[in-house]
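> Build me a structure from this.
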Amino acid sequence: METKKIKKTAAMLSVLGMTLLLSACGKSSSQSSKDLASNQKINLATNAELTSLDLSKIYDKNSFIQIDETCEGLYRYDKNGNVEPALATKTKISKNGKTYTINIRKNAKWSNGDPVTANDFVYSWQRAVNPKTASQYTYLFENIQNANKIANGKLSPSKLGVKANGKYQLEVKLAKPTTYFKMVMARETLYPLDPKIVKKYGSKYGTTSAKTVYNGPFKSVGWTGTNDSWELVKNSKYWDKKAVKLSKINYQVVKQPSTALNLFQSNKLDLINLVGEQASQMKNNKGATKRPLAATEYLQYNQRKKVFKNKNLRLAFSLAINRKQLVNKVMQNGSVVSQGFVPAQFAKNPQTKEDFAKEAYVPNTVSYNLAKAKKLYQTALSQLGKKQLNVIILAADDDQTKNVTEFIQSQL
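Below you'll find the predicted structure:
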């Protein structure tokens, strides 16, 4: 299965992750700089290699985390999950809700010293929706004027509803009012790019630390595109560098949970994710913290292949997977069964106050029902003119993902 932007899902799980932190690293946010450790470094692990540092092309969780730590957009999320200004200083929304006029900080710079300008956003957004870029997140732009036609190759990227009014003002035209558009602008794919550097490296941009520039609190150092360890160092050009306390984040790829635990216990890692039996055995450890995440895990279908265009087949796969067994027996990390794409307790209907996940739930699509799954599968085979199907699942190679993939394989 190729990873493409397909919105149909088979197995959906709201992830309620658990992390274990060393108490020596924990400091109250109210403490002054005098109380901080003299060595402001932290050692972290990621469970898979990075795919890219090109924010228009990334698609995996680990690469998104790197972009979050090294780059910044118009908006960002605060500690409570609410959107707040980052590079935006003032936003004016037209009465019809379709035009956003955004003033940008004049003191923001790239790590190479170039100023961050409104045109950097225009360039980044046009590049992202350009079919030649092959971004998997073009749907984030779908409410911007002409975005869908551009993504489908019917219009030039220059026709996207965004323009720079001088160096420090961005104007965005929407196809329809979008009350959550500030939240969209907080997503990494809508961050700016330095056109000079992207054009300099061309297709090589973002393939190494050295061939990328950064406008966030840190900059990446030492990632060659293939190695398993690198550093994030404090960005001296960041506009709000005084608020950044850490001087360095050391990263390494650790795919086996047992290896991560050993490194943690030997003080070589300062935080790890507990999964499977580890989570079950250590959930009462005083250093264990259970943190709900606004994240959903799911399967994507490559609908360029005819078989996956069949609704009955997709629904059969969905109903054949026992999600309760998956989260309780395989993952064991606090994850819960999801009713859809949106995690529970993530958003509420402003009028009714009902949880959006519950409100958007479509009955008989994600509940385990093997008998119905078998009937749907036979119907799909008949419609497709096939006697059987062989399906390939593309997945990461860390231990936890392997266990999940093997479980799904056993269910299908």
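
> Buried ones in stretch 268-285, by neighbour count?
Residues of stretch 268-285 classed as buried by neighbour count (16 or more other C-beta atoms under 10 Å): L269, D270, L271, I272, N273, L274, V275, G276, Q278, A279. All C-beta spots, glycine's among them, are computed from the backbone N, C-alpha and C.

> Stretch 242-258 too?
Going by neighbour count (16+ other C-beta under 10 Å), the buried part of stretch 242-258 is I249, N250, Y251, Q252, V253, V254, K255, P257.

> Need the three-state assignment for the nearest residue to Y137 once chain neighbours are set aside.
Nearest-residue entry for Y137: T189, 4.3 Å, with adjacent residues in sequence omitted and distances by C-beta to C-beta, 6 or more residues apart in numbering. Under DSSP: H, G, I helix; E, B strand; the rest coil, T189 falls in the helix class.

> Let me know whether T189 touches E142 as I believe.
No - with contact defined as C-beta atoms under 8 Å, T189 does not reach E142; the gap is 12.0 Å.

> If you count surrounding residues, which of these two has more?
T189 (24 against 14; other C-beta atoms under 10 Å).

> so how far is R127 from that one?
10 Å (C-beta to C-beta, to the nearest Å).

> list the residues that contact both of those two?
Both T189 and R127 are in contact with S56, where contact means C-beta atoms under 8 Å, 6 or more residues apart in numbering.

> For burial, what's the neighbour tally of K200?
Residues lying near K200 (other C-beta under 10 Å) number 12.

> what helix or strand is it on?
Assigning secondary structure by DSSP states H and E places K200 in helix 195-201.

> Residues contacting that helix, please?
W110, N112, D114, N119, D120, Y123, R127, Y205, T207, K211, T212, V213.

> Now which of those would you call buried?
Buried subset of the contacts of helix 195-201 (neighbour count, 16+ other C-beta under 10 Å): W110, D114, N119, D120, Y123, R127, Y205, T207, K211, T212, V213.

> dump the residue contacts of the third one.
Same thing as N119. A164, K167, P195.

> And the buried ones among these, selectable in ChimeraX?
Filtering the contacts of N119 down to the buried ones (16+ other C-beta under 10 Å) takes a single ChimeraX command:
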select :164,195
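
> Run through the bridge partners of the closest residue to I249 other than its chain neighbours.
Leaving aside its sequence neighbours, I249 sits nearest to L232 (C-beta to C-beta, 6+ apart; 4.1 Å). Per DSSP bridges, residues listed as beta-bridge partners of L232: S220, I249.

> Which pLDDT value goes with T70?
For T70, the model assigns a pLDDT of 98.

> Three-state assignment for the closest residue to it other than its chain neighbours, please.
Distances taken as C-beta to C-beta, 6+ apart place Y214 nearest to T70, at 4.3 Å, with adjacent residues excluded. Recorded secondary structure, Y214: coil (three-state DSSP).

> Could you measure from Y214 over to K196?
In this view, Y214 and K196 are 14 Å apart by C-beta to C-beta.

> Show me which of those two is the more surrounded one.
Higher neighbour count among Y214 and K196: Y214, with 24 against 13, using other C-beta under 10 Å.

> I figured that one was touching N235, is that so?
Yes - Y214 is in contact with N235 according to C-beta under 8 Å; the separation is 5.9 Å.

> list residues touching both of those two?
Here Y214 and N235 share the contacting residues T70, S111, scored by C-beta under 8 Å, 6+ apart.

> number of nearby residues for N165?
Residues near N165, counting by other C-beta under 10 Å: 12.

> ok, now I392?
Other residues close to I392 by other C-beta under 10 Å number 8.

> Which secondary structure state is assigned to it?
Quick answer, by three-state DSSP: I392 is coil.

> And V342, how close does it get to Y180?
12 Å.

> which of those two has more neighbours?
Higher neighbour count among V342 and Y180: V342, with 20 against 10, using other C-beta under 10 Å.

> In this structure that one contacts Y298, no?
No - using C-beta under 8 Å, V342 is not in contact with Y298; the gap is 11.6 Å.

> on contacts alone, who are the packing partners of the one helix or strand A371 maps to?
Per DSSP H and E, A371 falls inside helix 370-384. Packing partners of helix 370-384 (3 or more C-beta pairs under 8 Å, 6 or more residues apart in numbering; DSSP states H and E): helix 311-320.

> Show residues contacting the helix it packs on.
Identification of contacts with helix 311-320 by C-beta under 8 Å, 6+ apart yields 8-11, 299, 301, 307-308, 364-370, 372-374, 376-377, 379-380, 383-384, 389, 411-412.

> The stretch 251-400 of the chain: helices as residue ranges?
With helices called from DSSP state H, counting those that start in this stretch, the stretch 251-400 of the chain shows them at 257-265, 276-282, 311-320, 323-325, 356-359, 370-384, 399-411.

> Give me whichever of the ones you listed is most buried.
helix 311-320 (a mean of 21; mean count of other C-beta atoms under 10 Å).

> Please export the C-alpha coordinates of it as CSV.
Extracted C-alpha coordinates of helix 311-320, given in CSV (Å, rounded to 0.1, in the frame of the first residue of the first chain):
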residue,chain,number,x,y,z
LYS,A,311,-16.4,0.8,-0.7
ASN,A,312,-17.6,-2.7,0.3
LEU,A,313,-13.9,-3.9,0.4
ARG,A,314,-12.8,-1.0,2.6
LEU,A,315,-15.7,-1.4,4.9
ALA,A,316,-15.1,-5.2,5.2
PHE,A,317,-11.5,-4.5,6.2
SER,A,318,-12.7,-2.0,8.8
LEU,A,319,-15.3,-4.3,10.4
ALA,A,320,-12.8,-7.3,10.4
